[in-house]
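>>> Sequence and predicted structure, then a few things I'm wondering about:
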Amino acid sequence: MGSGTKPIVDRTQYKQDFVIFTPRMDLFTLIPRTLIGVAYPGFASLKAVLSDSPESSVAWMKYWVVLGVFSVVELLLDPVLNPLTYSFPTYLILKCLFLAWCMAPIDFNGSDVIFNNILFPIFMEHHEQIEEQAEKTKLTVMQKLGLCIKKEKDDKGEKIEKSDLKKME
């Protein structure tokens, strides 16, 4: 080899992963979790609303709050909670058992325990900051949507009115 030639590098030898976050949820975990954690509770929530039972409606509202927090925590901690792809059956079973406990018609179901002892006290202690951040987020989203609407109308040659932005509030 002369000084001007470079060795040929076989790029197939090097595998580069540019994906930082890979959710491990696939159809095998999503279908049972959706059926157990969303479909049945959705149906039961509709029945509770139609039955005019405030206790039942509040119980399902607590379930949805707990499910929302659980979903966010699960999303953030999935790589830690379920690091091995072959461990999913145990993880899925535990997840479904947790969701079943949260909706169980017993005195100390998961939704009541978690909502009353953890989530509601945290909310009461920090509700002003939470509401302030929620309002800032809402305004940011509204501004971004407003820019999108403005751009779309500008592209079509239409004039954006203040009422367009008011409608989004």
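Cool, got the structure.
>>> for the helix ranked longest in the chain, packing partners?
When the chain is parsed with DSSP state H, its longest helix is helix 120-156. If contacts are counted by 3 or more Cβ pairs under 8 Å, 6 or more residues apart in numbering; DSSP states H and E, helix 120-156 sits against helix 162-167. Using the backbone N, CA and C atoms, a C-beta is placed for each residue, glycine as well.
>>> where do the helices sit along this structure?
According to DSSP H, the helices that the chain contains are 27-34, 40-50, 54-81, 88-103, 110-114, 120-156, 162-167.
>>> Can you convert those helices into JSON lines and add a column each for mean neighbour count?
Formatted as JSON lines, the helices of the chain follow (neighbours: other Cβ atoms under 10 Å):
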{"stretch": "helix 27-34", "mean neighbour count": "13"}
{"stretch": "helix 40-50", "mean neighbour count": "14"}
{"stretch": "helix 54-81", "mean neighbour count": "15"}
{"stretch": "helix 88-103", "mean neighbour count": "16"}
{"stretch": "helix 110-114", "mean neighbour count": "19"}
{"stretch": "helix 120-156", "mean neighbour count": "11"}
{"stretch": "helix 162-167", "mean neighbour count": "10"}
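>>> so can I have a markdown table of the ones you listed showing mean pLDDT?
As requested, the helices of the chain are arranged in a markdown table below (pLDDT from 0 to 100):
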| stretch | mean pLDDT |
| --- | --- |
| helix 27-34 | 73 |
| helix 40-50 | 92 |
| helix 54-81 | 88 |
| helix 88-103 | 84 |
| helix 110-114 | 94 |
| helix 120-156 | 82 |
| helix 162-167 | 57 |
